[in-house]
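>>> Structure for the following, please:
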Amino acid sequence: MSIGSRLYGVALALSLCLPMAAHGAEVAKTKTPTPVSAYELYLIYGDKTWTWNTGGGRFLDDGRRFVAWTNDKGRESFAEGRWVVDDLGQLCMRATWTNAEGAARASTCFGHRKIGNTIYQRRQPDGKWYVFRHASVLPDDEFRKLVPMDTVSAKARELKQVLLSQEIARKGG
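Numbers count the residues shown, from 1 in each chain. Modelled structure (predicted):
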């Protein structure tokens, strides 16, 4: 076999394999989860209320303040603090939660990864990944629980006043 024939064979093999390899790399690239950027997380959560079955949390744009309230089986509590996002796909709510028994600081974080236009979420550090937002948003996506209306701040303020009044009454003041 001549050198020209061998070179032709190599060139033919490369011309057939390179597109397949490029396609494989492209498919692999779309299948590899990547962190959601801080900017994208800000757009998702900023000035939105995340409604929960037991209450909700408000991600205020002003000063990145976080306000929340819950009523879990008759035990009401509220939170005040800050929310932060980073380019590792993490959203953290760092707040002081207060109820009738007292107050405690807590930091709750959620990781976000995307494959294509689908975003996955999990509670950090070891929650299970689930679809947060499908590429074409579905009615039961957790993403849909983020609403522009503030359904939290007034309730949290009211609860804060009630708990403060109860504390003053307990102390005899």
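
>>> which residues in this protein form strands?
34-35, 48-52, 55-59, 65-72, 75-85, 90-99, 102-115, 118-123, 130-133, 146-147 (DSSP state E).

>>> which other helices and strands contact the third one?
To tie it back to what came earlier, the one meant is strand 55-59. strand 48-52, strand 65-72, helix 153-170 (3 or more CB pairs under 8 Å, 6 or more residues apart in numbering; DSSP states H and E). C-betas here are computed from N, CA, C, even on glycine.

>>> Flag every buried residue along the second one.
Neighbour counts over strand 65-72 (16 or more other CB atoms under 10 Å) mark 66-70 as buried.

>>> so can I have CSV of those residues showing distance to T96 and pLDDT?
What follows is the buried residues of strand 65-72, written out as CSV (distance: CB to CB, whole Å; pLDDT from 0 to 100):
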residue, distance to T96, pLDDT
F66, 10, 98
V67, 11, 98
A68, 11, 98
W69, 13, 96
T70, 14, 96
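
>>> Of those, which pair is most distant in space?
Distance extremes for these: the farthest pair is F66 and T70 at 13.3 Å, using CB to CB.

>>> Can I get the helices and strands packed on strand 55-59 in TSV including distance to G116?
Output for the helices and strands packed on strand 55-59, formatted as TSV (distance: least, CB to CB, whole Å):
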stretch	distance to G116
strand 48-52	23
strand 65-72	30
helix 153-170	35
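
>>> coming back round to it: which one of the strands of the chain is the most hemmed in?
With neighbours defined as mean count of other CB atoms under 10 Å, these peak in mean count at strand 55-59, which reaches a mean of 23.

>>> ok, back up a step: mind giving me a markdown table with the strands of the chain and columns for distance to K155?
Converted to a markdown table, these look like this (distance: least, CB to CB, whole Å):
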| stretch | distance to K155 |
| --- | --- |
| strand 34-35 | 33 |
| strand 48-52 | 11 |
| strand 55-59 | 8 |
| strand 65-72 | 5 |
| strand 75-85 | 8 |
| strand 90-99 | 13 |
| strand 102-115 | 18 |
| strand 118-123 | 23 |
| strand 130-133 | 25 |
| strand 146-147 | 14 |
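
>>> For V162, find the nearest of these.
Of the strands of the chain, nearest to V162 by CB to CB is strand 75-85, at 8.0 Å.

>>> contact partners of that closest one?
38, 41-42, 45, 57, 59, 63-70, 91-100, 105-106, 155-156, 159-160, 163 (CB atoms under 8 Å, 6 or more residues apart in numbering).
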